[in-house]
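**Q** pasting the sequence and the predicted model now:
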Amino acid sequence: MKKIDAHLHLAKVLAGYCRRGELRAVGGGKAQWGNGEVFQLLPTTGEYGDENFTAEQALAIMDKNDVEKAVLMNGSMYGFQNIYHEELLEKYPERFCPSCEVDPFATDHMSALERFLEEKHFHLVKFEVSSGGGLMGCHDPFDLSGDRMMEIYKLIEKNKGVVALDVGDIMMESHQPAALMRLADRCPDLKVVICHLLAPMEAKKAEWKGELQMLKKANVWFDIAAMPKIIGDAYPYPETVNYLKEAAEIIGTDRMMWGTDAPFAATQDSYEHLTDYLEKSGSFSEKELEDIYYNNAQKVYFE
């Protein structure tokens, strides 16, 4: 079955920044935050880099697992990879949909975004806004449907692009489903992707289902990257599959896109397991699997 990894991270140079300060590689696949915290960011299986994760390493892993294409998400933990993504946009246009990202509080963020969209022809803009590891860990909380962000969304819409947002979980101030609803309503021609299926948690399952219902809109999709990690599940991830079945009942499988969130997610399990668990679950039809694994991401990111 053809697959598109709709949420993959690359880092030519690890240069993260968020609430713990700066992040740098310290060898052995480990990284250190400015507060001194050291953790395993890159798997030590030999397929990944020691201090970075490049397109060529990713392609080797993708080819091994029959993954045809990947969507390259920026992320605060890895640091903005805009320049590297520019290179990959030209070098591997058939394999990758790279994202660009700007800090909306940078003085010249709009001119930078215009350059990415209009001169460099990026199709996707990703915002890591979560309080845990994104912009709301670096800045005071802000309205995701306020004037500052709406100006950005309108520019992306004008350029027929896609915006992807990681808003964290329901306990974070960045988790703003009502703002996402307003975004979708005010920018009807903008494709909106919400990462990690809104990061559900068992204690707040009813609220999560209500948020999915609220965001069931013609221009909104959800990626399911890192769901096994979020749920805390063990392979073959039966609890994760149950959450995905419940989500499918609300939003439909035509709104869901498979992704891994590698390399960090692959420190807890193999890329192979993160790839094949839906097929092995027996919980979705062949057509549903084709949509989740490939068709939806093809429509959103590559057409």
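**A** Arrived safely. Numbering: from 1, shown residues only.
**Q** where do the strands sit along the stretch 51-200 of the chain?
**A** 69-72, 96-100, 124-128, 162-166, 191-194 (DSSP state E, counting those that start in this stretch).
**Q** Y78: which of the ones you listed is closest?
**A** Closest to Y78 of the strands of the stretch 51-200 of the chain, according to Cβ to Cβ: strand 124-128, at 9.5 Å. All C-beta atoms are positioned from the backbone trio N, CA, C, and that covers glycine.
**Q** show me what that closest one is packed up against.
**A** Contacts defined by 3 or more Cβ pairs under 8 Å, 6 or more residues apart in numbering; DSSP states H and E place strand 124-128 against strand 96-100, strand 162-166.
**Q** picking that back up, dump the strands of the stretch 51-200 of the chain to CSV, plus distance to D254.
**A** Formatted as CSV, those follow (distance: least, Cβ to Cβ, whole Å):
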stretch, distance to D254
strand 69-72, 17
strand 96-100, 19
strand 124-128, 20
strand 162-166, 16
strand 191-194, 13
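**Q** can I get those in a markdown table with mean neighbour count and mean pLDDT?
**A** Output for the strands of the stretch 51-200 of the chain, formatted as a markdown table (neighbours: other Cβ atoms under 10 Å; pLDDT from 0 to 100):
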| stretch | mean neighbour count | mean pLDDT |
| --- | --- | --- |
| strand 69-72 | 26 | 98 |
| strand 96-100 | 26 | 98 |
| strand 124-128 | 25 | 98 |
| strand 162-166 | 25 | 98 |
| strand 191-194 | 24 | 98 |
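**Q** about what we covered before: dump the helices and strands packed on strand 124-128 to TSV, plus distance to I4.
**A** Below are the helices and strands packed on strand 124-128 laid out as TSV (distance: least, Cβ to Cβ, whole Å):
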stretch	distance to I4
strand 96-100	9
strand 162-166	13
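**Q** closest one to G46 among the strands of the stretch 51-200 of the chain?
**A** Across those, closest to G46 is strand 69-72 (Cβ to Cβ), at 20.0 Å.
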